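Engineer: need coordinates for the below:
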Amino acid sequence: MKMVRLCSSDGEEFEVAEETIVAASVMIKDMLEDGEVAVGVIPLPNVTGPILSRVLDYVNRHFSDPHDHKTSSCPAADDPLRRFDDSFVQVDQDTLFDLMLAANYLDMKSLLDLTCKTVADQIRGRTLEEIRKKFNIVNDYTKDEEQEVRRENSWAFD
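Structural biologist: Predicted structure coming up:
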């Protein structure tokens, strides 16, 4: 089995099976196909070591068997991948956002979908003020500007 070495932004190196990472990451697949990896190590300047380690945990769990990563006959509650995903995203907000950014950078659709869905679930059913508090968003609108935005987008506040 051919291995690929990945180097994080902080210099940590990781090895992963080429067929596994190629199944997971369009960016890395394209780099390997285009011959952009001359030295044998793929630099990932936008992903730190701790985040890359978690990303590779996800990749190995989901993509190590190319014939098995998309299908499961188990009901959702009994699906081991579903349970893994549920625990995988139980992280602090900064880590979740870093995972989302890494998934986007590496062009890993399934991981990006998982992290985006997690954030969407955290937003669903909350008021604007609760969302601002949860995500540390400062309201920089004046009262008049906020009223105008609410008026223009009244459908969103119903």
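Engineer: am I right that residue 10 is in a helix?
Structural biologist: No - if the criterion is DSSP: H, G, I helix; E, B strand; the rest coil, then residue 10 is coil and not within a helix.
Engineer: specify the local secondary structure of the residue nearest the centre of the chain.
Structural biologist: Centroid check for the chain by Cα atoms, centre = their mean gives residue 100 as the closest residue, at 3.2 Å. Three-state call for residue 100 (three-state DSSP): helix.
Engineer: make sure it is actually in contact with residue 114.
Structural biologist: No - at 9.0 Å, residue 100 does not count as touching residue 114 under the criterion of Cβ atoms under 8 Å. In short, each C-beta sits where N, CA and C put it, glycine included.
Engineer: where in the chain is pLDDT low?
Structural biologist: 38-39, 66-77, 158 (pLDDT under 70).
Engineer: how deep is residue 21 tucked in, by neighbour count?
Structural biologist: Using other Cβ atoms under 10 Å, residue 21 has 26 other residues around it.
Engineer: now for the helix or strand harbouring it, which elements pack on it?
Structural biologist: Here residue 21 sits within helix 18-24, counting by DSSP states H and E. Helices and strands touching helix 18-24, by 3 or more Cβ pairs under 8 Å, 6 or more residues apart in numbering; DSSP states H and E, are strand 3-7, helix 26-33, helix 49-63.
Engineer: how near is the residue nearest to the centre of the chain to residue 120?
Structural biologist: With distances taken as Cβ to Cβ, to the nearest Å, residue 100 is found 11 Å from residue 120.
Engineer: likewise residue 109?
Structural biologist: For residue 109, the distance to residue 120 - Cβ to Cβ - is 16 Å.
Engineer: can you check residue 79 too?
Structural biologist: For residue 79, the distance to residue 120 (Cβ to Cβ) stands at 20 Å.
Engineer: pick out whichever of those two has more residues nearby.
Structural biologist: With neighbours defined as other Cβ under 10 Å, residue 79 and residue 120 compare such that residue 79 has more, 14 against 9.
Engineer: so residue 49 makes contact with residue 6?
Structural biologist: No - counting by Cβ under 8 Å, residue 49 stays clear of residue 6, with 10.0 Å between them.
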